[in-house]
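Participant: Here is the input, now give the coordinates:
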Amino acid sequence: MSDLFLVEVPVEKGAANEAVQPLFDSLAEVAKQANGELIEVQHGRDLGMVYAIFEHRMAEVLEGLLRARNIEFNEVVPVQLVGPTLDEVKARRGAANYLVEWDIPEEIGLDQYLAAKKAKAPLYAQVPETTFMRTYVRQDAIKCLCLYDAPDEDAVRRARAAVNTPIDRLTRIGE
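Facilitator: Predicted structure coming up:
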């Protein structure tokens, strides 16, 4: 059985996608070498971060291969996909254009987060110009990454307000 893992790779703030393309290629090679799959890679240019989601059986294997390629990363952590199925995500890779990071308060556990997310999801309809695409929530419930398709940053902020969920960091992706 494979799991999903988030790997955050710090990059220069403001770096153009062309500048981080070699990193994207290296991450894809890590997945291939590990007999896993790179589900998606998002570049948070304003945050100086590349977010990679891998499908694999073991974090340790990914960590070893990342180190072998001299890729500096924060950690390899298991995440849970919220929203679409994994097959739907694979079919629509790259469709999001904004990424929100939310540092989940310590008193909120994973089960409580998932229940609240499910209950609040219909409220996104209040902001029809913004489409919630998917969330990756860390299994330790420290934070989540939420991806949206929206015309601008203000629309993402309105969507987050509609579901009464804060934004700790917001960046445009996919360009």
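Participant: could you point out the longest helix in the chain?
Facilitator: Longest helix of the chain, by residue count under DSSP state H: helix 17-33.
Participant: How about L147, nearest residue that isn't a chain neighbour?
Facilitator: Spatial nearest neighbour of L147, chain neighbours left out: A96 (3.6 Å); criterion: C-beta to C-beta, 6 or more residues apart in numbering. The way it works is simple: take the backbone N, C-alpha and C, and place the C-beta from them, glycine included.
Participant: Same check on E63?
Facilitator: Leaving aside its sequence neighbours, E63 sits nearest to V76 (C-beta to C-beta, 6+ apart; 5.1 Å).
Participant: Torsion angles phi and psi at the one you found?
Facilitator: phi -110, psi 110 (degrees, to the nearest 10).
Participant: quick thing: my sequence starts at 38, can you match it?
Facilitator: Let's use 38 as the start, then, which means that last one is V113.
Participant: Verify the stated contact: it with G101.
Facilitator: No. Contact criterion C-beta atoms under 8 Å: V113 and G101 do not qualify, at 9.9 Å.
Participant: More neighbours: those two, which one.
Facilitator: Between V113 and G101, counted using other C-beta atoms under 10 Å, V113 has the larger neighbour count: 20 against 15.
Participant: What separation do you get for the more buried one and P203?
Facilitator: Separation of V113 from P203 (C-beta to C-beta, to the nearest Å): 26 Å.
Participant: mind giving me the domain split of the protein?
Facilitator: 40-116, 135-209 (automatic domain parsing).
Participant: How far does the longest one sit from its chain's centre?
Facilitator: What it means is domain 40-116. 11 Å (C-alpha atoms, centre = their mean, to the nearest Å).
Participant: Next: the last one.
Facilitator: Distance of domain 135-209 from its chain centroid, counting by C-alpha atoms, centre = their mean, is 11 Å.
Participant: Also stretch 202-212?
Facilitator: The chain centroid and the centroid of stretch 202-212 are separated by 10 Å under C-alpha atoms, centre = their mean.
Participant: Could I get the buried residue list for it?
Facilitator: Of the residues in stretch 202-212, T202, L207, T208, R209, I210 count as buried by neighbour count, 16 or more other C-beta atoms under 10 Å.
Participant: contacting residues for the second one?
Facilitator: Counting by C-beta atoms under 8 Å, 6 or more residues apart in numbering, L207 touches Y135, L136, V137, E138, E190, V193, R194.
Participant: 10 Å instead?
Facilitator: Neighbouring residues of L207 by C-beta atoms under 10 Å, 6 or more residues apart in numbering: 81, 83-84, 135-139, 183, 185, 190, 193-194, 197.
Participant: Over to the third one?
Facilitator: Under the criterion of C-beta under 10 Å, 6+ apart, the neighbours of T208 are 50, 79-86, 88, 135-138, 190.
Participant: This completes my enquiry, with thanks.
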